[in-house]
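> With the input below, show me the fold.
(3 chains)
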Amino acid sequence: MKFIDWFLDRFRLKTSHKNIFEREIPEGITYFYCFGGIAFTAFVVCLISGLFLTVYYIPSEKEAYNSILRIHEEVTFGKLTRGIHKWSANVLIISMIIHSLRVFITKSYRPPRELNWMVGVLTFVIVMLEGFTGYLLPWDQKAYWATVVGTNIVGSIPIFGEEILLMVRGGYDVGGATLIRFYSFHVLWLPLMLFILLWAHFHMIKKLGISKPL
Amino acid sequence: MKRQDNKETIDKERRILLVNFIKFFSILWLAILFIFGISFFKPSKPKRAEFHYYEIPEEDIPKYGIKKLILKLQSLEKNVIFYLVKTNHSIIAISPACTHLGCFVNFDRESNEFICPCHGGRYDMEGKVISGPPKEPLRRFPLKIEDKRILIGIKE
Amino acid sequence: MKKKFYPHYLTEIIFFAFLTFELILVLSLLFSPKIGREIDFQVPYQPRPEWYYLWLFWLLRYFPSDKVFIGGILIPLSIICFFMLIPWIERKLEWKLTAILALGLLLFLTIITIIEIFS
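Presented below is the predicted three-dimensional model:
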């Protein structure tokens, strides 16, 4: 305990963020207000398990399926890590839905928090895209055909459809180029966007405070 | 006093000019980044090549009816799958890719129909749509007959 | 006494964070992921998306190939726009109507998802 006190004092955490730690919480907050925090926890768990998985996963047409097999069979705790990655993604989406439902019912999206609400919706969209890009990575039957269907939807856009389809797939068919493209988006682009959006989300919560319950 | 005023207005004008300069270049660079992004994501050489013809071995050709064939191509490093439909006086090669969203259709022997497992599109033996979401018939591969050998055209 | 973020709220949040992690751990121990079959064009296969895309999967059944664009792109985009603009929509339509619209939409999507899961 003494060490923690020393650390907190020397790190100047309490003094520099005094207004965060000492800010008052409005009365009447129920356990319904926890789902934002639960979603964030699920996100962090997903991120960490994903970091571990990237060590063994190989995003190539020939190796992807085998590397998943290897993660399951040879890697210690490999199957568990993949399970955690998958389940935390599910928990993330469910808790995000409940969180946005809570925000909607308590009317917390009202000004001055309307921008935060929009950031939240955008975060949800990007998490959905994470789900879509992550679905292809195991490179099995389910993944392949779901991606064929999903990208064909994009290709149905009039006039620009074919060009956009080429950009999404990296070729006329779903293949190795698509896999590495989706991998790049799944582990780099979209998480980066999520970081920025979550930072904005928390920044606004910090500055605007938790809305007063009705 | 007057001189300083003059200097201040010059300073102000200079700053306005600089701000306009920055605005212009930010927009320009954003546009360039956008165009760069699009051209970067687009694959450089989209494969839209000509038909190459491959022979279908004679023992694979059904006398009458329908047969699923797999053509192994070394140049493409993949297999091409198609249905060969032979009737009394015609022979066609049908691609199994559903025209709705690209799932591969299966041939149902009982009803003599191609059925798409994704959204339930149904086609008859010649690939015409019977029911379901697809609008266009199943695509066909061009066939060529050269002194009794049957060749199938595949885009490479 | 007024409640403060630290220590009242923070402890509760961290407690729930641990609870969430335990839940995820238990779920992944009980239901470990399965490995799908290798890609094989010769085997008939019925693809299904993850549960959170099932509503879209259901929706596409009703859009013929020349209108896939409407069901696959326009409708999801307008749903996103609707949810994003809720703070402004509510000012126009009043709370009651907005709540009926938004919760009705959510209920509809949930019902479709449940139907698709069990079909």
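> Taking chain C, what residue is nearest to chain B?
C:Q46 (3.8 Å; C-beta to the nearest C-beta). C-betas here are computed from N, CA, C, even on glycine.
> now check stretch C:12-27, is it near chain A?
Yes - residues of stretch C:12-27 are located near chain A by C-beta under 8 Å from any C-beta of the partner chain, namely C:12-13, C:16-17, C:20-21, C:23-25, C:27.
> Out of these, which sit inside helices?
Here DSSP state H is the test, and the residues of stretch C:12-27 next to chain A give C:12-13, C:16-17, C:20-21, C:23-25, C:27 as lying in helices.
> Is B:P133 within a helix or a strand, and which one?
Following DSSP states H and E, one finds B:P133 outside all helices and strands.
> Tell me how many other residues crowd it.
A count of neighbours around B:P133, defined by other C-beta atoms under 10 Å in any protein chain shown, yields 24.
> What residues does it make contact with?
Contacts of B:P133 were listed using C-beta atoms under 8 Å, 6 or more residues apart in numbering or on different chains, and they are B:100, B:119-121, C:60-65, C:68.
> Return only those of these found close to chain A.
Counting by C-beta under 8 Å from any C-beta, the members of these near chain A are C:60, C:65, C:68.
> was I right about the first one contacting C:G71?
Right, C:L60. Yes - assessed by C-beta atoms under 8 Å, C:L60 is found in contact with C:G71 at 5.3 Å.
> Give the residue from the two that has the larger number of neighbours.
More neighbours surround C:L60 than the other of C:L60 and C:G71, with 23 against 20 (other C-beta under 10 Å).
> quick one, what contacts the more buried one?
Per C-beta under 8 Å, 6+ apart, neighbours of C:L60: A:149, A:153, B:100-101, B:119, B:133, C:68, C:71-72.
> now it: how far from A:A64?
Note on C:L60: its distance to A:A64, by C-beta to C-beta, to the nearest Å, is 27 Å.
> what's the answer for B:K78, then?
Distance, B:K78 to A:A64, by C-beta to C-beta: 16 Å.
> More neighbours: which of the two?
Legend: neighbour count by other C-beta under 10 Å for B:K78 and A:A64, higher for A:A64 (23 against 14).
> Give me the phi and psi for B:K86.
phi -120, psi 120 (degrees, to the nearest 10).
> What is the neighbour count of the nearest residue to it once chain neighbours are set aside?
Excluding the flanking residues, the one nearest B:K86 by C-beta to C-beta, 6 or more residues apart in numbering or on different chains is B:P62, at 5.0 Å. Residues near B:P62, counting by other C-beta under 10 Å, number 12.
> How about the residues of chain B by chain C?
For chain B, the residues in contact with chain C (C-beta under 8 Å from any C-beta) are B:68, B:70, B:79, B:81, B:99-101, B:103-104, B:106, B:117-120, B:133-136.
> Generate a ChimeraX selection restricted to the buried subset of these.
To isolate the buried members of the residues of chain B next to chain C in ChimeraX, using 16 or more other C-beta atoms under 10 Å in any protein chain shown:
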select /B:99,100,101,103,104,106,117,118,119,133,134
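> does residue 55 belong to a helix or a strand, and which?
Using chain A here. For A:V55, the host element (DSSP H and E) is helix A:35-56.
> Not quite, go with chain B.
strand B:51-56.
> give me the low-pLDDT residue ranges for the chain?
With no chain named, the answer covers chain A. A:214 (pLDDT under 70).
> other chain: chain C
Low-confidence segments of chain C (pLDDT under 70): C:1.
> Kindly recompute the last result at 90.
C:1-13, C:32-50, C:57, C:59-69, C:71-72, C:94-95, C:116-119 (pLDDT under 90).
> where along chain C do the helices fall?
C:10-30, C:54-60, C:68-69, C:75-84, C:86-118.
> quick one: is the shortest one near chain B?
Yes - using C-beta under 8 Å from any C-beta, helix C:68-69 reaches chain B at C:V68.
> Give the other helices and strands that that helix contacts.
Judged by 3 or more C-beta pairs under 8 Å, 6 or more residues apart in numbering or on different chains; DSSP states H and E, helix C:68-69 is in contact with no other helix or strand.
> Touching it from outside, list them.
Helix C:68-69 is contacted by residues A:152-153, A:156-158, A:161, B:100-101, B:133, C:60 when judged by C-beta under 8 Å, 6+ apart.
> Turn those into a markdown table, columns for distance to A:F7 and secondary structure.
A markdown table is the format used below for the contacts of helix C:68-69 (distance: C-beta to C-beta, whole Å; DSSP: H, G, I helix; E, B strand; the rest coil):
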| residue | distance to A:F7 | secondary structure |
| --- | --- | --- |
| A:N152 | 55 | helix |
| A:I153 | 52 | helix |
| A:S156 | 57 | coil |
| A:I157 | 55 | coil |
| A:P158 | 60 | coil |
| A:G161 | 57 | helix |
| B:H100 | 61 | coil |
| B:L101 | 56 | coil |
| B:P133 | 62 | coil |
| C:L60 | 55 | helix |
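> quick one: low-confidence parts of chain B?
Chain B contains residues with pLDDT under 90 at B:1-12, B:38-39, B:42-156.
> Now do the SS call for the residue nearest to B:K86.
coil (DSSP: H, G, I helix; E, B strand; the rest coil).
> Repeat that for B:I154.
Taking three-state DSSP as the rule, one finds B:I154 in the strand state.
> do B:L151 as well
Per three-state DSSP, B:L151 ends up strand.
> Kindly report the same for B:F82.
From three-state DSSP, the assignment for B:F82 is strand.
> is it in a bridge, and if so with what?
In this structure, B:F82 bridges to B:L69 when assessed by DSSP bridges.
> is it true that it touches B:A93?
Yes - contact status for B:F82 versus B:A93: in contact at 4.9 Å, counting by C-beta under 8 Å.
> so what sits against both of the two?
Joint contacts of B:F82 and B:A93 (C-beta under 8 Å, 6+ apart) are B:141, B:152.
> Name the residue of chain B that lies nearest to chain C.
For chain B and chain C, the shortest gap (C-beta to the nearest C-beta) falls at B:P117, measuring 3.8 Å.
> That residue touches C:Y45, doesn't it?
Yes - the criterion here is C-beta under 8 Å, and B:P117 meets it with C:Y45 at 6.7 Å.
> Which residue ranges of chain A form helices?
A:2-11, A:13-16, A:18-21, A:35-56, A:64-73, A:78-105, A:114-136, A:141-155, A:161-169, A:176-184, A:190-208.
> buried set for the longest one?
Read that as helix A:78-105. A:78-100, A:102-104.
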